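>>> Test case, fold it:
(one chain, ligands or ions: 1)
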Amino acid sequence: MEIEKKKQNLSKRKKNTKRDKKSVFKIKKQSPYETIEDFPGFVKKKFPWKKFLLISGAVLGTLVLGVLLYYFCFFPTLSLNGSENIEVVYPQLYEEPGVTLTRFGKEVHYPIQTKGEVNNQKLGNYKITYSYSEWFLSKKVTRNVSIVDKEPPLLTLEGSTDLKLCPNKSYEEEGYSATDNYDGDLTDQVTVEEKDGAFVYTVKDSSGNEATSSRSVQYVDDEAPKITLKGNQTIYQTVGTTYKEPGYTVSDNCDGDLATQVKVTGSVDGKTVGTYTLTYTISDTIGNKSEVTRKVVVYKPEPNTGVIYLTFDDGPHATNTAKILDTLKKYNVKATFFVTMSGPDSMILREYQEGHTVALHTASHDYAKVYKSVDAYFSDLTKVQNRVKNITGQTSYIIRFPGGSSNTVSRHYSIGIMSTLTQEVQKRGYRYYDWNVSSGDAGETTSSQGVYNYVVGGLKRNRANIVLMHDIKSYTAAALESIIQYGLNNGYTFAAITMNTPEVHQKVNN
Ligand SMILES: [Zn+2]
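Sure, this is the predicted structure:
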């Protein structure tokens, strides 16, 4: 193929050469001049380059000069209103300050082209270009706008910020949350680090704004275990019976149930009359120690069949109690006084000094007050217990409930309070005594004859007789002598209640 092409080209060239030879020949034949320049009078004219350049230069120069002059002197000036760099703090909105176009210092209003847009909802850097054009001339200015977030997230901790943890126990997170004004919920990006005695919570928003919060933490166990005795704090048992430990429970803030580790020291000899102390001790892991004691009173019950226990409530009373004490003294009869806060201290002192039992009936004797709650009752009882102790030096644990344990008036103030209190007083080592003979001086009668009849009518020789009377009543004081005489003449003996006196209880009705 290629060879053929070359051959063709070669033949073409030969033809051309022939033709040229022919035309030269022709000119030779027709004109004696070899070329046009050989013609006589031929003047070779040169192009006036110099002139051309000069003129076009001048024209171009004038044109450029004119444009420049226009651009710099007459073309309006474009300038930014406000700052070139504007920072907008999210969620504030960007307000476009615009540009001003002036010519010779005067504002002119021609259409300006604006390129670029600010998205207020998205953080970032934005460029806005303003331009003004005439023909091919234009001026432009640029403004940089940044939408930034400077507000750190809001970090909220739930639960305590002042932790006291048991040693060797890990903290159970009580919860936290983090929200950011721009990024929204950042809770899952919160990091928790334990350092320098605190749990430090940290969270950053997408702009790097950081929020921290912390809970201080102390690993301490300064709480001793708590031993709670089952059964009573003071147990009364008759001689000859074997002591049975009612048991106890133990709870500890860090170690939980430690009941199996309680050490009990002391013992009870059930065959021998006496007061025994049992001591229960327990230590938790860290060494906090706790100790409680129980008293066990082994006693020989008084042989009290046919005994009359005269009991006087609600006193003392300045004159009636004095009269009663005189009568008791005259017959060498011992009685029991369930006192309140009323009356003179001197009467209580006399009761004690003359061998009677000073027992407790509550301080206020106000049903609404004492039967409001267990705490209210004991707080009132403690008051009168202290009064007696201050006067006699003895702490009394012999009590009588206002209205007796069978009262129903307490229902008005607390349902079931008597059921609780009768248990609770025994738990705390008190012994409570109701009565089985009433003197009627609480309302049934107001005469000494009436009181006498009630008492005498209620006595029974085959039991212990606990007689309810009130030493604040004059007719009771007046009836006392004949009652004592009746008792002595009919084979009764008189005694004061002691901690060894078997309790007489009525049926609890609330
Ligand atoms: Zn009373």
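>>> Quick check: closest non-adjacent residue to the one residue in the chain that gets nearest to the ion.
Nearest residue of the chain to the ion (C-beta to the ion) works out as residue 313 at 4.1 Å. C-beta coordinates here come from the backbone N, C-alpha and C atoms, glycine included. Distances taken as C-beta to C-beta, 6 or more residues apart in numbering put residue 338 closest to residue 313, at 4.6 Å, once the chain neighbours are dropped.
>>> Contact partners for the one you found?
Residues near residue 338 by C-beta atoms under 8 Å, 6 or more residues apart in numbering: 311, 312, 313, 314, 359, 360, 361, 399, 400.
>>> for this protein, what are the low-confidence residue spans?
1-31 (pLDDT under 70).
>>> Show me which residues of it sit near the ion.
Counting by C-beta under 5 Å from the ion, the residues of the chain lying close to the ion are 313, 314, 402.
>>> From the residues you listed, pick the one nearest residue 155.
residue 402 (58.2 Å; C-beta to C-beta).
>>> how's the chain carved up into domains?
81-148, 155-219, 226-299, 307-494 (automatic domain parsing).
>>> Of the ones you listed, which is nearest residue 63?
domain 81-148 (12.7 Å).
>>> roughly how far is that closest one from the heart of the chain?
How far domain 81-148 lies from its chain's middle: 53 Å, per C-alpha atoms, centre = their mean, to the nearest Å.
>>> From the opening residue of that domain to its closing one, how far?
End-to-end span of domain 81-148 (C-alpha to C-alpha, to the nearest Å): 21 Å.
>>> can you check stretch 63-74 too?
End residues of stretch 63-74 are separated by 15 Å (C-alpha to C-alpha).
>>> Can you tell me what sits against it?
By C-beta under 8 Å, 6+ apart, stretch 63-74 touches 103, 137.
>>> Give the buried residues for it.
By 16 or more other C-beta atoms under 10 Å, stretch 63-74 has no buried positions at all.
>>> same check, this time on stretch 315-328
So for stretch 315-328, counting by 16+ other C-beta under 10 Å, buried means 315, 316, 317, 320, 321, 322, 323, 324, 325, 327, 328.
>>> what do you get for stretch 154-167?
155, 157, 163, 166.
>>> thinking again about what came up before, of the domains of the chain, flag the one that's most buried.
Among the domains of the chain, domain 307-494 has the highest mean neighbour count (mean count of other C-beta atoms under 10 Å), at a mean of 19.
>>> Report the separation between the two terminal residues of that domain.
Termini of domain 307-494 sit 6 Å apart (C-alpha to C-alpha).
>>> Kindly report the same for stretch 260-270.
25 Å.
>>> do stretch 310-329 as well
13 Å.
>>> Just list whatever residues bridge to residue 162.
Residue 162 has these beta-bridge partners by DSSP bridges: residue 216.
>>> distance of it from residue 216?
5 Å (C-beta to C-beta, to the nearest Å).
>>> now do residue 205
In terms of C-beta to C-beta, residue 205 sits 26 Å off from residue 216.
>>> Unless I misread the structure, residue 411 falls within a strand.
No. Residue 411 is assigned helix when assessed by DSSP: H, G, I helix; E, B strand; the rest coil, not a strand.
>>> With the flanking residues excluded, which residue is spatially nearest to it?
The nearest residue in space to residue 411 (C-beta to C-beta, 6+ apart) is residue 510, at 4.8 Å.
>>> List the contacts of residue 482.
By C-beta under 8 Å, 6+ apart, the neighbours of residue 482 are 448, 452.
>>> Can you tell me the element it falls in?
helix 474-489 (DSSP states H and E).
>>> Distance from that helix to the middle of the chain?
Helix 474-489 has its C-alpha centroid displaced from the chain centroid by 65 Å (C-alpha atoms, centre = their mean).
>>> Return the alpha-carbon coordinates of that helix using CSV.
Coordinates of each C-alpha in helix 474-489 appear next as CSV, following Å, rounded to 0.1, in the frame of the first residue of the first chain:
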residue,chain,number,x,y,z
SER,A,474,-61.3,14.1,148.3
TYR,A,475,-64.0,11.5,148.7
THR,A,476,-61.4,8.8,147.9
ALA,A,477,-59.1,10.2,150.5
ALA,A,478,-62.0,10.1,152.9
ALA,A,479,-62.9,6.6,152.1
LEU,A,480,-59.4,5.1,152.4
GLU,A,481,-59.4,4.5,156.2
SER,A,482,-62.5,2.4,156.2
ILE,A,483,-61.3,0.4,153.1
ILE,A,484,-58.0,-0.4,154.9
GLN,A,485,-59.9,-1.4,158.0
TYR,A,486,-62.2,-3.7,155.9
GLY,A,487,-59.2,-5.4,154.3
LEU,A,488,-57.4,-6.0,157.5
ASN,A,489,-60.5,-7.3,159.2
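>>> Skip ahead from it and say which helix or strand is next.
strand 493-494.
>>> what does that following strand contact?
306, 307, 308, 309, 310, 331, 333, 334, 335, 484, 487, 488.
>>> related to what we said a few turns ago, name the SS class of the residue nearest to residue 313, please.
What three-state DSSP gives for residue 338 is strand.
>>> cool, and residue 63?
helix.
>>> Quick one: residues contacting residue 252.
223, 224, 225, 226, 258, 284, 288.
>>> could you dump the residues you listed to TSV with secondary structure and distance to residue 76?
As requested, the contacts of residue 252 are exported to TSV (DSSP: H, G, I helix; E, B strand; the rest coil; distance: C-beta to C-beta, whole Å):
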residue	secondary structure	distance to residue 76
223	coil	84
224	coil	90
225	coil	91
226	strand	91
258	coil	93
284	coil	89
288	coil	89
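>>> quick check, residue 423 in a helix?
Yes. Applying three-state DSSP, one finds residue 423 inside a helix.
>>> Next, work out how far apart it and residue 508 are.
For residue 423 relative to residue 508 (C-beta to C-beta), the value is 10 Å.
>>> do the same with residue 217
50 Å.
>>> for the closest residue to residue 237 other than its chain neighbours, what are its contacts?
Excluding the flanking residues, the one nearest residue 237 by C-beta to C-beta, 6+ apart is residue 298, at 5.8 Å. Neighbour list for residue 298: 237, 238, 239, 243, 268, 269, 270, 272, 273, 274, 275, 276 [criterion: C-beta under 8 Å, 6+ apart].
>>> what about stretch 421-439, distance to the chain center?
The mean C-alpha position of stretch 421-439 is separated from the chain mean by 42 Å, C-alpha atoms, centre = their mean.
>>> For the host helix or strand of residue 375, report the contacting residues that lie outside it.
If you go by DSSP H and E, residue 375 is part of helix 374-392. Under the criterion C-beta under 8 Å, 6+ apart, residues 339-341, 345, 348-349, 352, 358, 360-364, 366, 369-371, 394-396, 399, 417, 420-421, 424, 428 lie in contact with helix 374-392.
>>> circling back to that earlier point, CSV please, covering the contacts of residue 298 and showing distance to residue 390 and secondary structure.
Output for the contacts of residue 298, formatted as CSV (distance: C-beta to C-beta, whole Å; DSSP: H, G, I helix; E, B strand; the rest coil):
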residue, distance to residue 390, secondary structure
237, 32, strand
238, 33, strand
239, 34, coil
243, 34, coil
268, 33, coil
269, 35, coil
270, 36, coil
272, 34, coil
273, 30, coil
274, 29, strand
275, 24, strand
276, 29, strand
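>>> Make a markdown table from those and add distance to residue 118 to it.
Putting the contacts of residue 298 into a markdown table (distance: C-beta to C-beta, whole Å) gives the following:
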| residue | distance to residue 118 |
| --- | --- |
| 237 | 92 |
| 238 | 97 |
| 239 | 100 |
| 243 | 90 |
| 268 | 91 |
| 269 | 96 |
| 270 | 96 |
| 272 | 100 |
| 273 | 100 |
| 274 | 96 |
| 275 | 92 |
| 276 | 91 |
